[in-house]
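> Okay, here's the prediction I keep looking at, along with the sequence it came from:
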Amino acid sequence: MNSIDRRSFLRYSALTGAALGGAGLLAACGSGSGSSANGSSADGSKYGRVAVQLSWLKNIEFAGEYFADSRGYFRDAGFGSVDLIAGGAASTSVEAGLDTGKVWIGLSAPQTTAPAILEGLPAKIVGATFQKNPFAIVSSAGKPITSPAEMKGRRIGVQDTNQLIFNALLTANGMAPGEVTVVPAQYDPTPLANGEVDGWVSYVTNEPITLAAKGFANRHFLFADFGLPLVAETLTVTQSTIDNERDKLKAFLVAEIKGWRDAVADPAESARLAVEVYGKDQGLEVAEQTEEAIAQNGLVVSAETGANGLLSMSDALIEQNIAALRTAKIDITAEQLFDLSILREVYAENPGLISG
């Protein structure tokens with residue numbers, strides 16, 4: 001497994017606000033931009049520099065951002081430069097970065113952003129890159145686990161940071177914790193390959209692929225298909241950005257959409273950008289990143305995005321996310337968490353972005 005394999009799903013598992021800075025959530029939010037109040041910038045571009053906080057280290061997960069940057073879509077949209085700031089277990093969270101003004105926009109997840117909002121952070125999700133969250137249970141193809149019900153009486157490796165989301169999966173499927181034997185685990189799935197456990201909490205674009213590459217035939221099911229239809233890699237901004245920089249945000253979303261269209265269309269080039277350019281210091285492998293790009297496309301593209309464009313969320317999917325959060329004991333309304341009106345304006349003004 002390479003050096004940046006998903007060993008910790010912290011950004012999808014921060015189901016409390018403890019890691020978000022506590023009282024600091026009420027600090028004033030800056031723009032994270034090099035633009036002046038009148039819209040000009042020191043570099044002569046319309047919007048100047050912006051900082052974008054990624055949710056993890058620079059791997060294939062951010063292929064759309066790589067295309068938007070490398071093919072000049074951000075520049076064409078009016079940005080002088082877009083700084084893609086790597087995330088990771090040791091980094092500042094997106095929500096904390098927004099709170100302090102360190103970043104202008106970030107990639108996060110509903111179950112991370114919602115607690116921050118409930119603690120006072122004035123922020124909203126304005127788009128969703130992944131229409132399904134990538135959490136999965138991976139198991140041996142010889143003894144497959146293809147649904148939560150099939151976990152009953154089985155041993156499941158669960159990392160400490162994923163215990164809450166795993167419990168939410170059980171609750172969503174009417175199961176009690178005692179019906180499954182939870183085996184405390186780290187992030188290397190070797191215990192699954194060795195037969196020490198029957199299933200493993202994983203990331204669908206990571207462990208199933210790396211295990212298969214090592215000769216371990218496996219099966220998996222997605223949490224999203226069994227009662228936890230949370231979106232992921234959500235684009236999150238402060239309310240101030242929505243209120244005061246709407247045109248700038250719309251310009252950014254146009255570039256994002258173009259970048260992700262290219263990424264979906266060309267997994268091989270997505271992998272090359274990840275391995276050779278943006279994540280060149282991460283020890284990535286082209287073949288593995290290409291496989292992950294292909295798997296990732298299944299999370300990015302859906303019937304909703306086909307009809308209404310990439311990053312979109314239907315009202316029904318929004319309500320499903322609110323219900324899923326409630327299962328995880330996070331009680332928030334759709335109006336508090338989501339604002340898809342900006343993205344809908346983008347597509348109304350640029351209908352060609354939907355079809356190509």
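Done, it's in. Numbering: from 1, shown residues only.
> Identify each buried residue in the one helix or strand F67 maps to, please.
Here F67 sits within helix 63-70, counting by DSSP states H and E. For helix 63-70, the neighbour count (16 or more other CB atoms under 10 Å) marks A63, G64, E65, Y66, F67, A68, D69 as buried. For every residue, glycine as well, the C-beta is placed using N, CA and C.
> starting at the chain centroid, how far to that helix?
The chain centroid and the centroid of helix 63-70 are separated by 15 Å under CA atoms, centre = their mean, to the nearest Å.
> helix or strand right after that helix?
That would be, after helix 63-70 and using DSSP H and E, helix 73-76.
> circling back to that earlier point, other SSEs contacting the helix holding F67?
strand 79-85, helix 246-265, helix 267-272, helix 286-300 (3 or more CB pairs under 8 Å, 6 or more residues apart in numbering; DSSP states H and E).
> rewinding a little: between the buried residues of helix 63-70, which is nearest T305?
Checking the buried residues of helix 63-70 against T305 with CB to CB, the nearest one is G64 at 12.3 Å.
> Could you check the pLDDT of that closest one?
Predicted confidence (pLDDT) for G64: 98.
> Apart from its neighbours in sequence, what residue is nearest it?
Closest residue in space to G64, ignoring its immediate chain neighbours: W260 at 3.4 Å, by CB to CB, 6 or more residues apart in numbering.
> got it, and V180?
Nearest to V180 is M151, by CB to CB, 6+ apart, at 5.0 Å.
> which residues touch that neighbour?
I137, I145, M175, E179, V180, D198, G199 (CB atoms under 8 Å, 6 or more residues apart in numbering).
> Could I get those in TSV, plus columns for secondary structure and pLDDT?
Putting these into TSV (DSSP: H, G, I helix; E, B strand; the rest coil; pLDDT from 0 to 100) gives the following:
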residue	secondary structure	pLDDT
I137	strand	98
I145	coil	98
M175	coil	96
E179	helix	97
V180	coil	97
D198	coil	98
G199	strand	98
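> Could you identify the buried members of the residues you listed?
Neighbour counting with 16+ other CB under 10 Å marks I137, I145, M175, V180, D198, G199 as buried within those.
> what's the farthest-apart pair in the residues you listed?
Greatest spatial distance in the buried ones among the contacts of M151: M175 and D198, 15.2 Å, computed using CB to CB.
> just for the protein, where's the confidence low?
1-40, 89-90, 356 (pLDDT under 70).
> give me phi/psi at the most centrally placed residue in the chain?
Centroid-nearest residue in the chain: E233, 2.0 Å away (criterion: CA atoms, centre = their mean). Main-chain torsions, E233, degrees, to the nearest 10: phi 50, psi 50.
> which residues touch it?
E233 makes contacts with S55, E61, L107, S108, A109, A128, T129, F130, as judged by CB under 8 Å, 6+ apart.
> looking at it, the first one is touching E61, isn't it?
Yes - using CB atoms under 8 Å, S55 makes contact with E61 at a distance of 7.3 Å.
> out of these two, which sits in the more crowded spot?
Neighbours were counted for S55 and for E61 using other CB atoms under 10 Å; E61 has more, 30 against 26.
> pretty sure that one is in a helix, no?
Yes - E61: assigned to a helix according to DSSP: H, G, I helix; E, B strand; the rest coil.
> Now stretch 241-258 - C-alpha only, CSV.
Listed in CSV are the C-alpha atoms of stretch 241-258, where the atom choice follows Å, rounded to 0.1, in the frame of the first residue of the first chain:
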residue,chain,number,x,y,z
THR,A,241,-18.9,34.2,0.5
ILE,A,242,-22.4,33.3,-0.7
ASP,A,243,-23.7,36.8,0.3
ASN,A,244,-20.9,39.0,-0.9
GLU,A,245,-18.9,37.0,-3.5
ARG,A,246,-21.6,35.2,-5.4
ASP,A,247,-20.2,35.9,-8.9
LYS,A,248,-16.8,34.9,-7.8
LEU,A,249,-18.2,31.6,-6.4
LYS,A,250,-20.1,31.0,-9.6
ALA,A,251,-16.9,31.5,-11.7
PHE,A,252,-15.1,29.0,-9.5
LEU,A,253,-17.9,26.4,-9.9
VAL,A,254,-17.8,26.8,-13.7
ALA,A,255,-14.0,26.0,-13.6
GLU,A,256,-14.7,23.1,-11.2
ILE,A,257,-17.3,21.6,-13.5
LYS,A,258,-15.1,21.8,-16.5
